[in-house]
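Undergrad: coords below, sequence missing:
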């Protein structure tokens, strides 16, 4: 829906990173996948507590407690060390999903709109192109594919 809305509104490009988080090639941990599955439409925010720079991710205990923008967060690229001792403690003494409370759960604003099924990235791209071309045809625009003439 987000791609369709963007194209219909005249966007010349869209950022689609969240749709690839569930790809079979994605290296995100299972707790991140489950957090994406449970996300609601307003679940994301900008935070600097994980990277030292503002980035969009799912809200969790760390962003609620420290910010989401923490003026005391170490600068990029040293910020991951900020929560490392707590994450290490949780890895040793907590349930795996509890790491989601203090880990970066990167996601765009439309995490809820991403397909729930796990697909290869090339199939995701193929489907996105087909959907975009269909929408462009319906709107009377040109194809996404370069002309061969």
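TA: Arrived safely, thanks for sending. What you are looking at is a predicted structure, and each value in this text was computed from that prediction instead of being measured.
Undergrad: can you give me the helices for the protein?
TA: Here the chain has its helices, by DSSP state H, at 2-8, 30-38, 61-66, 80-93, 121-139.
Undergrad: Worst mean pLDDT among those helices?
TA: Confidence, taken as mean pLDDT, is least for helix 2-8 of the helices of the chain (a mean of 76).
Undergrad: Only the buried residues of that helix, if you could.
TA: In terms of neighbour count (16 or more other Cβ atoms under 10 Å), helix 2-8 has its buried residues at 2-3, 6-7. To be clear about C-beta, it is placed using only N, CA and C from the backbone, and glycine gets the same treatment.
Undergrad: want to throw these into a markdown table with distance to residue 41?
TA: Conversion of the buried residues of helix 2-8 to a markdown table gives the following (distance: Cβ to Cβ, whole Å):
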| residue | distance to residue 41 |
| --- | --- |
| 2 | 11 |
| 3 | 16 |
| 6 | 16 |
| 7 | 20 |
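Undergrad: quick check, nearest of these to residue 60?
TA: residue 2 (22.8 Å; Cβ to Cβ).
Undergrad: which ones are touching that closest one?
TA: Residues in contact with residue 2 (Cβ atoms under 8 Å, 6 or more residues apart in numbering) are 14, 110, 113.
Undergrad: try 7 Å
TA: The neighbours of residue 2, taking Cβ atoms under 7 Å, 6 or more residues apart in numbering as the test, are 110, 113.
Undergrad: how near is it to residue 110?
TA: To residue 110, residue 2 is 4 Å away according to Cβ to Cβ, to the nearest Å.
Undergrad: For residue 37, grab the count of nearby residues.
TA: Under the neighbour criterion other Cβ atoms under 10 Å, residue 37 is assigned a count of 12.
Undergrad: Quick check: closest non-adjacent residue to it.
TA: Of all residues not flanking residue 37 in the chain, residue 116 sits nearest, at 6.7 Å (Cβ to Cβ, 6 or more residues apart in numbering).
Undergrad: mind checking the end-to-end distance for stretch 5-16?
TA: For stretch 5-16, the first-to-last residue distance is 13 Å (Cα to Cα, to the nearest Å).
Undergrad: So what's the gap between it and the chain middle?
TA: In this view, stretch 5-16 has its centroid 17 Å away from the chain centroid, taken as Cα atoms, centre = their mean, to the nearest Å.
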